[in-house]
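Trainee: Pasted the sequence and its predicted model underneath.
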Amino acid sequence: MQRNDATLNMALNLKAGFFLALAWLCPQNLYSQLNDFDPWMERPEFQMPIALTNNAVTSAKVAGLYYTYTFGGIDSSLRWSGIRQDAFRLNVNTGWTILPSIPDTLGKIASAASTVKGKIYLIGGYHVLEDGSEISSNRVHVFDPVSNTWLPDGVPVPVPIDDHVQGVYRDSLIYVVTGWSNTSSVSNVQIYNPAADTWQIGTPVPATSQYRAFGAAGGIVGDKIIYAGGARMGINFPIAPYIRCGEIDPSDPTQIVWSFIEDTLAARYRAAPIVNYDRPDALRLVGGSSVTYNFDAIAYAGSGIVEPISGSDVEGNCFGLMIPFGVDGRIPNGRMDYRGVGVHLTDDPWGGEDAWLDQVVLVGGMGPGRQVDGKVYTARSYYEGLDAPEEIGMYLYPTLTPGPVQVRLDDPSLFGHWTYQMFDLSGRVVAQGHCHPPALLDFSDRPNGLYTLVLERENNRVGLKVAIAR
């Protein structure tokens with residue numbers, strides 16, 4: 001028996017070496033397929049007070065609780081007169097709070113909001129006048145989530161901007177990347193320092209259609225800016241099928257090295273971007289359209305109403321290779337016209353120093369047929385509420401296995417009936433059942449790959465990653 005165990009361990013170690021080599025040689029295959037979220041859930045109980053789309057969204061933590069904030073947007077009329085200055089706050093347990101309106105002369109759309117050191121910064125956007133003319137904004141509005149009041153504006157953006165990519169670097173700097181400024185898309189990278197209330201100029205994106213875009217989706221993870229899709233300059237503003245990556249120099253954050261790859265699955269306009277804090281270089285795109293359009297959801301090409309992409313989320317990174325997630329990860333009927341998401345973080349459940357994504361909140365947006373319906377969707381991390389098995393005296397091994405997983409308990413109080421579920425990378429339940437530890441769970445019928453195994457009993461809920469390799 002001991003010899004057999006040693007033989008098995010040697011084989012598993014060889015498999016582990018193979019998986020590590022695969023991750024090193026083909027990191028896109030590993031990172032782009034990870035999906036640790038439950039299926040999207042529509043939350044009708046949290047319908048927006050006013051149905052809006054093209055609204056700026058961010059999150060902030062106040063007194064230990066996360067809230068999602070929405071600013072501006074356009075109502076269901078989809079007319080210039082329906083562009084608003086509203087501001088609201090959502091707690092996904094208690095509901096909505098009406099906040100003071102944006103302190104601007106007119107309502108605006110296509111702005112972006114970011115949270116730095118507990119303050120929210122609403123940057124750019126554009127106004128539409130009755131004659132149809134559009135004016136890009138240079139305003140930097142500052143909101144205090146603790147007092148729920150607007151503070152004096154920050155120093156204006158050097159180049160007025162809208163439909164841009166916006167991301168936060170190390171909770172200290174806000175990067176405003178490319179976008180539209182009054183008459184065309186721009187190459188500018190404008191960097192705001194909230195503490196000093198100053199702007200710096202970063203290395204611009206190359207002045208080519210591969211980089212310059214408006215309505216793209218992205219953000220910052222670690223030392224990388226990553227954004228995808230959007231509209232490029234040209235007849236009727238064609239869609240941009242590119243993923244762009246900017247490597248920020250930590251010693252001089254104004255210095256950025258730009259690169260791009262082409263991928264048809266990146267060709268999305270005004271998708272909702274989710275940057276994964278626990279995953280290198282990862283960007284997830286939710287919804288969006290494959291055709292570019294004006295604020296009224298009519299195609300720039302004059303082909304009529306633009307419909308959202310039907311349902312699928314995709315994920316990619318600076319290495320490329322974006323893939324659709326499984327059907328359980330989709331939003332029914334598709335959504336588009338987003339300008340940010342609410343992101344709630346939690347401590348790494350396995351004891352790491354970094355924060356993990358705990359919950360994502362989609363607020364507003366547009367459904368099929370130009371429907372501005374005020375819907376709210378949420379998706380939670382599988383790891384929310386999970387303990388590491390060893391924290392309660394449970395041991396699951398091996399975690400790299402040809403199929404069998406042993407379940408052992410050291411605490412007699414935990415003996416009894418447990419249920420288990422195994423999730424694949426798209427979030428689907430691929431195996432489930434009951435056991436009375438000590439027990440052997442056999443997943444030999446599952447294909448090679450990474451899975452999440454969750455066991456539950458009364459008030460105990462534990463989970464961990466399991467890799468099946470033969």
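Mentor: That came in fine, so what should we check first? Residues are numbered from 1 along each chain as shown.
Trainee: What segments of the chain are helices?
Mentor: Using DSSP state H, the helices of the chain run over 2-25, 27-31.
Trainee: Pick out the shakiest of the ones you listed, pLDDT-wise.
Mentor: If those are sorted by mean pLDDT, helix 27-31 sits at the bottom with a mean of 30.
Trainee: thinking residue 375 is in contact with residue 47, fair?
Mentor: Yes: here residue 375 reaches residue 47: they are 6.9 Å apart, a contact under Cβ atoms under 8 Å. For every residue, glycine as well, the C-beta is placed using N, CA and C.
Trainee: quick one: which of these two has more around it?
Mentor: Set residue 375 next to residue 47 and count neighbours by other Cβ atoms under 10 Å: residue 375 wins out with 21 against 15.
Trainee: For residue 144, which non-adjacent residue is closest in space?
Mentor: residue 151 (5.6 Å; Cβ to Cβ, 6 or more residues apart in numbering).
Trainee: quick one, what contacts the one you found?
Mentor: The neighbours of residue 151, taking Cβ atoms under 8 Å, 6 or more residues apart in numbering as the test, are 119, 142, 143, 144.
Trainee: where does the spatially closest residue to residue 403 that is not a sequence neighbour land on pLDDT?
Mentor: In this structure, residue 403 finds its nearest non-sequential neighbour in residue 444, 3.1 Å apart by Cβ to Cβ, 6+ apart. Here the pLDDT value assigned to residue 444 is 93.
Trainee: For residue 444, give its distance to residue 455.
Mentor: Distance, residue 444 to residue 455, by Cβ to Cβ, to the nearest Å: 19 Å.
Trainee: Where does the prediction get shaky in the stretch 201-350 of the chain?
Mentor: Within the stretch 201-350 of the chain, the set of residues satisfying pLDDT under 70 comprises 276-281, 311-312, 319-332, 346-350.
Trainee: What is the burial count for residue 222?
Mentor: 16.
Trainee: what's the answer for residue 470, then?
Mentor: 10.
Trainee: How about it, nearest residue that isn't a chain neighbour?
Mentor: The nearest residue in space to residue 470 (Cβ to Cβ, 6+ apart) is residue 402, at 4.6 Å.
Trainee: which residues does the one you found contact?
Mentor: Neighbours of residue 402 in contact, by Cβ under 8 Å, 6+ apart: 11, 444, 468, 469, 470.
Trainee: For residue 449, see how far away it is.
Mentor: 13 Å.
Trainee: wait, what's in contact with residue 188?
Mentor: 158, 159, 161, 176, 178, 179, 181, 201, 204.
Trainee: Could you rerun that using 6 Å?
Mentor: 159, 204 (Cβ atoms under 6 Å, 6 or more residues apart in numbering).
Trainee: likewise residue 362?
Mentor: Residue 362 touches 272, 341, 377, counting by Cβ under 6 Å, 6+ apart.
Trainee: isn't the last one right next to residue 40, touching?
Mentor: By that I understand residue 377. Yes: if you go by Cβ atoms under 6 Å, residue 377 and residue 40 touch, sitting 4.8 Å apart.
Trainee: Could you break this structure into its assigned domains?
Mentor: Following automatic domain parsing, the chain resolves into domains at 1-30, 32-380, 386-468.
Trainee: quick one, strands of the stretch 201-350 of the chain?
Mentor: 217-221, 224-228, 242-249, 252-262, 272-275, 283-286, 314-316, 323-324, 342-347 (DSSP state E, counting those that start in this stretch).
Trainee: Show me what the fifth one is packed up against.
Mentor: Okay, so that is strand 272-275. Packing partners of strand 272-275 (3 or more Cβ pairs under 6 Å, 6 or more residues apart in numbering; DSSP states H and E): strand 217-221, strand 283-286.
Trainee: and if we set it to 10 Å?
Mentor: If contacts are counted by 3 or more Cβ pairs under 10 Å, 6 or more residues apart in numbering; DSSP states H and E, strand 272-275 sits against strand 165-169, strand 217-221, strand 224-228, strand 283-286, strand 342-347, strand 355-363.
Trainee: ok, now the longest one?
Mentor: In terms of contacts (3+ Cβ pairs under 10 Å, 6+ apart), strand 252-262 is packed against strand 173-177, strand 189-193, strand 198-201, strand 224-228, strand 242-249.
Trainee: Those strands: which one's closest to residue 89?
Mentor: strand 173-177 (20.4 Å; Cβ to Cβ).
Trainee: Give me the distance from that closest one to the chain's centre.
Mentor: 17 Å (Cα atoms, centre = their mean, to the nearest Å).
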